[in-house]
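Q: sequence unknown, structure follows:
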Ligand code: UDP
């Protein structure tokens, strides 16, 4: 006989919503709270006065190779296929495909390379021999050489993280592949690439619409709250939970600048990255995403991103920082050791586990972990 119980979930983003739905379907009574006044975490979206769907916290482009994750999401609404493409604006105003591919090399170097072998050979010639790259800078220089590194990655990374490439862990830039062909997709090779047809916020409404789930918004986690529940899955920042007693886990944040335009071009990309050394990193052209133009107002919305420290942006945490020396991951491990002493709480999601996770990774980890937890309870 399964003993049912009451569960508290802190945070209504992908981690919290995945746990909530899975637990509700297993018969648990679930209370979700979020300090914000909306569900969906950083994936939330809305339709603005220009009739354009805007992702409140920057572009969220779903992509995964983990089929069970996509199958799970498809239970909660239809998805529209969308292959993401990005262009970087060169100093002379031209648009170069990003990630770096054959066309990017030809454009930047004025070459006329034609084949993958040409591109691979070219990159081999310009790359810097570094046997065992120890950071993002060395990784890039050893793969694509100084010119491409300094054009596409050095100023952007400085703006984005407030750190030099040499201070960053290589995994951060390895998110972008290097292509020898002309494929200009941002996530080439990912089997499932799509956007929720009715938007992310609607998707979250459907995931959370279950008789066993109650959602309370604009509610902060208060220490001890979990005492009224049998267990708490907590997606708040783990250092905040412990009162920063071991030190801060830093995050990068973004300030979003909304611009309305009445004229636009037809570049085949919804995101444009800046290569200059100003303070902005990229701009999103929402109407280029499928189903993002809801009414023809003659206007379009473009959002420009300006990175900053989360402390300068009302503690809005977006990106955990991964430096090459791993100092923050070591600090996180110390917090995790403290968390393991808590009998009735587990930390989940980007902020709870201090990892730069994509949406599909959060959902995958959550689906697997919540299943293990439920099975453990049944056995126990
Ligand atoms: N990056 C860069 N230049 C670019 C795009 C990315 O230097 O034009 C680096 C930068 O350090 C960035 C990382 O690669 O933080 C990962 O980029 P991605 O586009 O995956 O970041 P996200 O979409 O998660 O903000």
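A: Arrived safely. On a predicted model such as this, the values are computed, not experimentally measured, just so you know. Numbers count the residues shown, from 1 in each chain.

Q: which elements pack onto the lowest-mean-pLDDT helix or strand in the chain?
A: When the helices and strands of the chain are scored by mean pLDDT, DSSP states H and E, helix 359-379 comes last with a mean of 94. Judged by 3 or more CB pairs under 8 Å, 6 or more residues apart in numbering; DSSP states H and E, the packing partners of helix 359-379 are helix 14-25, strand 62-64, helix 67-74, helix 349-353. Yep, even glycine has a C-beta here, placed from its N, CA and C like the rest.

Q: what's the closest of these to residue 174?
A: For the helices and strands packed on helix 359-379, proximity to residue 174 was assessed by CB to CB; strand 62-64 is nearest, at 15.5 Å.

Q: is any residue of the closest one near the ligand?
A: No: for strand 62-64, no contact with the ligand is found by CB under 6 Å from any ligand atom; the gap never falls below 10.8 Å.

Q: near the ligand, which residues of the stretch 201-350 of the chain show up?
A: Counting by CB under 6 Å from any ligand atom, the stretch 201-350 of the chain sits next to the ligand at residue 273.

Q: show me the shaky parts of the stretch 201-350 of the chain.
A: Counting by pLDDT under 70, the stretch 201-350 of the chain contains no low-confidence segment.

Q: name the residue of it with the shortest distance to the ligand.
A: Residue nearest to the ligand within the stretch 201-350 of the chain: residue 273 (3.7 Å; CB to the nearest ligand atom).

Q: which of the residues in the least confident helix or strand of the chain are buried?
A: Neighbour counts over helix 359-379 (16 or more other CB atoms under 10 Å) mark 359-367, 369-370, 373-374, 377 as buried.

Q: got the contact list for residue 332?
A: Taking CB atoms under 8 Å, 6 or more residues apart in numbering, we find residue 332 in contact with 238, 249, 353, 354.

Q: how does it look with 10 Å?
A: Applying CB atoms under 10 Å, 6 or more residues apart in numbering to residue 332 gives the contacts 238, 239, 246, 249, 320, 326, 339, 347, 353, 354, 355.

Q: which of those residues has the most neighbours?
A: residue 354 (26 neighbours; other CB atoms under 10 Å).

Q: all strands of the stretch 51-200 of the chain, in order?
A: Using DSSP state E, counting those that start in this stretch, the strands found in the stretch 51-200 of the chain span residues 53-55, 62-64, 79-81, 86-89, 95-98, 192-196.

Q: remind me what the fifth one packs against, helices and strands.
A: The reference is to strand 95-98. Packing partners of strand 95-98 (3 or more CB pairs under 10 Å, 6 or more residues apart in numbering; DSSP states H and E): strand 86-89, helix 102-109, strand 271-274.

Q: quick one on the thing from earlier: could you export the strands of the stretch 51-200 of the chain to JSON lines, including columns for mean pLDDT and mean neighbour count?
A: Shown next, in JSON lines, are those (pLDDT from 0 to 100; neighbours: other CB atoms under 10 Å):
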{"stretch": "strand 53-55", "mean pLDDT": "98", "mean neighbour count": "22"}
{"stretch": "strand 62-64", "mean pLDDT": "98", "mean neighbour count": "22"}
{"stretch": "strand 79-81", "mean pLDDT": "98", "mean neighbour count": "13"}
{"stretch": "strand 86-89", "mean pLDDT": "97", "mean neighbour count": "20"}
{"stretch": "strand 95-98", "mean pLDDT": "97", "mean neighbour count": "22"}
{"stretch": "strand 192-196", "mean pLDDT": "98", "mean neighbour count": "21"}
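
Q: so can I have TSV of the ones you listed showing distance to residue 172?
A: Formatted as TSV, the entries for these read as follows, by distance: least, CB to CB, whole Å:
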stretch	distance to residue 172
strand 53-55	21
strand 62-64	17
strand 79-81	28
strand 86-89	16
strand 95-98	15
strand 192-196	21
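
Q: now stretch 9-25: buried residues?
A: Within stretch 9-25, the residues that qualify as buried by neighbour count (16+ other CB under 10 Å) are 9-24.

Q: check stretch 229-236 too.
A: 229, 231, 232, 233, 234, 235, 236.

Q: that stretch spans what distance, first to last residue?
A: Counting by CA to CA, to the nearest Å, you get 17 Å between the two ends of stretch 229-236.

Q: what of stretch 164-180?
A: With CA to CA as the measure, the first residue of stretch 164-180 is 26 Å from its last.

Q: stretch 304-316 too?
A: With CA to CA as the measure, stretch 304-316 spans 17 Å from end to end.

Q: next one: stretch 97-108
A: Start-to-end span of stretch 97-108 (CA to CA) is 10 Å.

Q: stretch 68-84 now?
A: For stretch 68-84, the end-to-end distance is 21 Å (CA to CA).

Q: and for stretch 207-220?
A: So stretch 207-220: terminal residues 22 Å apart, CA to CA.

Q: can you redo the buried residues of stretch 229-236 as TSV with secondary structure and distance to residue 81?
A: Shown next, in TSV, are the buried residues of stretch 229-236 (DSSP: H, G, I helix; E, B strand; the rest coil; distance: CB to CB, whole Å):
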residue	secondary structure	distance to residue 81
229	coil	40
231	strand	38
232	strand	38
233	strand	32
234	strand	35
235	coil	29
236	coil	34
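
Q: so which strand or helix has residue 284?
A: Using DSSP states H and E, residue 284 sits within strand 282-285.

Q: next SSE downstream of that strand?
A: Downstream of strand 282-285 (by DSSP H and E), the next one is strand 300-309.

Q: who does that next one pair up with?
A: Taking DSSP bridges as the criterion, strand 300-309 sits next to strand 251-261 (antiparallel), strand 282-285 (antiparallel) in its sheet.

Q: just say which of these is most tucked in.
A: strand 282-285 (a mean of 21; mean count of other CB atoms under 10 Å).

Q: isn't there a helix covering residue 226?
A: Yes: per DSSP: H, G, I helix; E, B strand; the rest coil, residue 226 lies within a helix segment.

Q: and the nearest residue to residue 260 once chain neighbours are set aside, how far from residue 178?
A: Spatial nearest neighbour of residue 260, chain neighbours left out: residue 299 (5.2 Å); criterion: CB to CB, 6 or more residues apart in numbering. According to CB to CB, to the nearest Å, residue 299 and residue 178 sit 38 Å apart.
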